[in-house]
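Q: Curious how this folds, go ahead:
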Amino acid sequence: MQTRTSPIELVAPAGSLAALKAAIEAGADTVYLGLKNATNARNFAGLNFTEADIRAGVELAHRHDRHVLFAINTFVQAGRMAEWQAAVDAAHDLGADAVIMADPGLLAYASDRYPDLRLHLSVQGSATHTDAIELIKEQFGIRRVVLPRVLTLTEIARICANVSVEVEVFGFGSLCVMAEGRCLLSSYATGDSPNNKGVCSPAHAVRWVEEDGRMDARLSGILIDRYEPGEPAAYPTLCKGRFEVDGQADHALEEPTSLNAIGLLPKLAEMGVSAIKIEGRQRSPAYVTQVVSTLRAALDSVHADASRFSPRPEWNAMLARHAEGSQVTQGAFERPWK
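A: Next up, the predicted model:
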């Protein structure tokens, strides 16, 4: 069982109790999880936790001096406030160390009813500048903000220097370059979205159609991608589909790729970033084990001597194995066109 040696907190995904155990064993300081309903933004069949599983997971984490964050990070749907409030009640009663939320009304409920419950502003809150972050702290007493993946290193450094809350950034996982918390693409196509139902591509809208050896991936009837025989097929997401533009089929909005910020860890530490987050509650316990152990080793190396830090080839090779579309990028952290 690895233990924390780096001052930067390593936050790992847990889509199941098995993944939670894997994260702790691999050296995560903190895990984040959600209930089996629309209150969290990874609401897929077969994933997430019953209250009994959460109770067991919290007990295990606390036994090893680790923390559990409870994701209630979708926006409350009209007429269903009680369901989201019940999730906050459950997080408090089950011993969550913090709750991750985006909806201001729900933040108000949590801060009023449970003033001692630690609150984190979700990436779905789309807070991209200091005024927004400080306003949410003033209103609801948040202790941490999770920054959207559209910010550059310069922007993150400015935020770290000018806010009075902890800052958490994504370090590895499927990359979304949309303005998180504001994306309406899936909602436009299917009526559902991560902001209100917890999924980009709901299973009811996905169709696979095979014809002449080719495989068409459709979302609510919209052709998202067409795969030739033997070509690996990805789960259809509207922003990552291939579309015909000027007579050529290409990724018009965003290529399937994963964020890999391992080479930027010394810079993020110097800025004062408090936590590095791994995306992937929909991924397997094996993914959690291998990605967490890799980031654990890298963070510990930064802490030992940041001036001599260099990502090891085996670290990048391991992360590449789990990258979406078999590609990695530093994403918006470095924008050469700006």
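Q: next structured bit after the helix or strand containing residue 208?
A: In this assignment (DSSP states H and E), residue 208 forms part of strand 206-211. Following strand 206-211 in sequence order, the next helix or strand is strand 214-219 (DSSP H and E).
Q: other SSEs contacting that next one?
A: Applying 3 or more C-beta pairs under 8 Å, 6 or more residues apart in numbering; DSSP states H and E, we find strand 214-219 packed against helix 185-190, strand 206-211, strand 222-227. (C-beta placed from N, C-alpha, C; glycine too.)
Q: partners of the last one in the sheet?
A: Partner strands and pairing direction for strand 222-227 (DSSP bridges) are strand 214-219 (antiparallel).
Q: For the partner strand, list every residue counted as buried.
A: By neighbour count with 16 or more other C-beta atoms under 10 Å, strand 214-219 contains the buried residues 216, 217, 218, 219.
Q: Kindly report the same for stretch 241-251.
A: 241, 242, 251.
Q: residues touching the second one, list them.
A: Contact analysis of residue 242 by C-beta atoms under 8 Å, 6 or more residues apart in numbering lists 224, 225, 226, 249, 250, 251, 252.
Q: what's near enough to touch residue 309?
A: Here residue 309 is in contact with 265, 266, 298, 301, 302 (criterion: C-beta under 8 Å, 6+ apart).
Q: longest helix of this structure?
A: helix 285-304 (DSSP state H).
Q: what's that helix in contact with?
A: Taking C-beta under 8 Å, 6+ apart as the rule, helix 285-304 contacts 2, 5-8, 10, 12-14, 16, 18-19, 21-23, 25-28, 171-172, 262, 265-266, 269, 276, 278, 280, 309, 311-312, 315, 318-319, 321-322.
Q: Could you rerun that using 6 Å?
A: Contacting residues not belonging to helix 285-304 are listed as 2, 5-6, 8, 10, 12, 18-19, 22-23, 26-28, 172, 262, 265-266, 269, 278, 280, 309, 315, 318-319, 322 [C-beta atoms under 6 Å, 6 or more residues apart in numbering].
Q: Let's see which of those end up in strands.
A: Among those, the ones falling in strands (DSSP state E) are 10, 12, 172, 278.
Q: Just the buried ones from the residues you listed?
A: Buried, going by 16+ other C-beta under 10 Å: 10, 12, 172, 278, out of those.
Q: Make JSON lines from the residues you listed and add distance to residue 104 and pLDDT to it.
A: Putting those into JSON lines (distance: C-beta to C-beta, whole Å; pLDDT from 0 to 100) gives the following:
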{"residue": "10", "distance to residue 104": "29", "pLDDT": "98"}
{"residue": "12", "distance to residue 104": "27", "pLDDT": "98"}
{"residue": "172", "distance to residue 104": "29", "pLDDT": "90"}
{"residue": "278", "distance to residue 104": "27", "pLDDT": "96"}
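Q: Once you drop chain neighbours, what's closest to residue 276?
A: residue 171 (3.9 Å; C-beta to C-beta, 6 or more residues apart in numbering).
Q: Settle this for me: that neighbour is touching residue 263, isn't it.
A: No - contact between residue 171 and residue 263 fails when scored by C-beta atoms under 6 Å: they sit 10.5 Å apart.
Q: Those two - which one has more neighbours?
A: Neighbour totals were compared for residue 171 and residue 263, and residue 171 leads with 27 against 16 (other C-beta atoms under 10 Å).
Q: Enumerate every residue touching the residue most central in space within the chain.
A: Compute the mean C-alpha point of the chain, and by C-alpha atoms, centre = their mean the closest residue is residue 279, 3.9 Å away. Residues near residue 279 by C-beta under 6 Å, 6+ apart: 170, 173, 174.
Q: from the buried residues of strand 214-219, which single one is nearest residue 191?
A: Minimum distance to residue 191 across the buried residues of strand 214-219 is 11.3 Å, recorded for residue 219 (C-beta to C-beta).
Q: What residues are recorded as beta-bridge partners of that closest one?
A: Applying DSSP bridges, one finds that residue 219 bridges with residue 206, residue 222.
Q: contacting residues for it?
A: 189, 201, 205, 236, 238.
Q: ok so, going back, CA atoms only: put the strand holding residue 208 into PDB for me.
A: Taking Å, rounded to 0.1, in the frame of the first residue of the first chain, the C-alpha atoms of strand 206-211 are listed here in PDB:
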ATOM      1  CA  VAL A 206     -26.700   5.300 -29.500                       C
ATOM      2  CA  ARG A 207     -27.000   3.000 -32.500                       C
ATOM      3  CA  TRP A 208     -24.400   0.900 -34.300                       C
ATOM      4  CA  VAL A 209     -25.300  -0.100 -37.900                       C
ATOM      5  CA  GLU A 210     -23.200  -2.500 -39.900                       C
ATOM      6  CA  GLU A 211     -23.300  -2.400 -43.700                       C
END
